[in-house]
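Novice: give me the fold of what follows.
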Amino acid sequence: MQDDQAGAGTSGDGPTARVVLVLAKAPVAGRAKTRLTPPATPQGAARIAAAALLDTLDAAAAVPGARVLVALEGDLGDAERGDEIAAALAGHTVVRQRGEALGERIDAVHSDAAVLFPGAATVQVGMDTPQLDAALLDRALRTVESGTTAAIGLAHDGGWWALALHDPRRAAIISTIPTSRDDTGARTLAALRDALGDDAVAELETLSDVDTADDAVAVADLVPDGRFARAVAELLGDRDDAVPARHTTATVSGGGRP
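Specialist: Predicted structure coming up:
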């Protein structure tokens, strides 16, 4: 797949003012959502990841006035539902992920956004919260469009699911923070506040990431009509021991520490 940067930097009415960034990994069996196996097979886990990505792209595309920039890792030619994902990406700007550590890749896609869409505010998400919708993303962007420098959405597992920035170049602040730890979210929030000031950083809703099979079943219950829920029902079935996911625990706030 070739990168599609047609129309980057402009919308139908002039320069782009807001961008949704999606950090995505091609859902290849054996490389995507491996913590779902077992009970899912490697192919089944990849199909669940594909459904999560497709639902996320739908939400991103529905954000009013926003362009979508996808930073992709991997080859869709080897991916589950690869043709469907390629079709969903056709109207968006796609770049390859750059950097070794996840923090470096996050910084890189924000740098790409600053170049491709000068002056635009951004909100970045991944593939782990298919329960998000356009309204959540729109609120995140409105937060940083209304005078707040940054906003972060923490995840119940200790990470974070969204980062909104008035200036995407500010993502460099968090590029060296270790990821996939139970204190990643708290450390990211602290780093932003240390660099920008407490009042400059807001908190968004707290969501549940999809990491395990129980997570997948619980999150699917929140969005029963989506591709993700259908894939989970087909490939994991009902799990009576699943822990219910919490959709939110807080509304957008002005920066009080958790």
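Novice: low-confidence ranges in the stretch 1-150 of the chain?
Specialist: Residue ranges of the stretch 1-150 of the chain with pLDDT under 70: 1-13.
Novice: please enumerate the helices of it.
Specialist: Chain-ordered helices for the stretch 1-150 of the chain, with DSSP state H, counting those that start in this stretch as the definition, fall at 42-61, 82-89, 102-116, 134-145.
Novice: okay, buried residues for the second one please.
Specialist: To tie it back to what came earlier, the one meant is helix 82-89. G82, E84, I85, A88, L89 (16 or more other C-beta atoms under 10 Å). In short, each C-beta sits where N, CA and C put it, glycine included.
Novice: for that helix, packing partners?
Specialist: Contacts of helix 82-89 with other secondary structure elements, assessed using 3 or more C-beta pairs under 8 Å, 6 or more residues apart in numbering; DSSP states H and E, are made with helix 42-61.
Novice: buried set for the helix it packs on?
Specialist: So helix 42-61, judged by 16+ other C-beta under 10 Å, has buried residues 42-57, 59-61.
Novice: in a markdown table: the buried residues of helix 82-89, plus distance to G158.
Specialist: Conversion of these to a markdown table gives the following (distance: C-beta to C-beta, whole Å):
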| residue | distance to G158 |
| --- | --- |
| G82 | 32 |
| E84 | 32 |
| I85 | 29 |
| A88 | 30 |
| L89 | 30 |
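Novice: got TSV for the helices of the stretch 1-150 of the chain, with distance to I174 too?
Specialist: Listed next are these as TSV, based on distance: least, C-beta to C-beta, whole Å:
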stretch	distance to I174
helix 42-61	21
helix 82-89	26
helix 102-116	6
helix 134-145	15
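Novice: can you check which of these gets nearest to R187?
Specialist: When the helices of the stretch 1-150 of the chain are ranked by distance to R187, counting by C-beta to C-beta, first place goes to helix 102-116 at 10.7 Å.
Novice: now that closest one: how far from the chain's centre is it?
Specialist: Taking the mean of its C-alpha atoms, helix 102-116 sits 13 Å from the chain's own mean (C-alpha atoms, centre = their mean, to the nearest Å).
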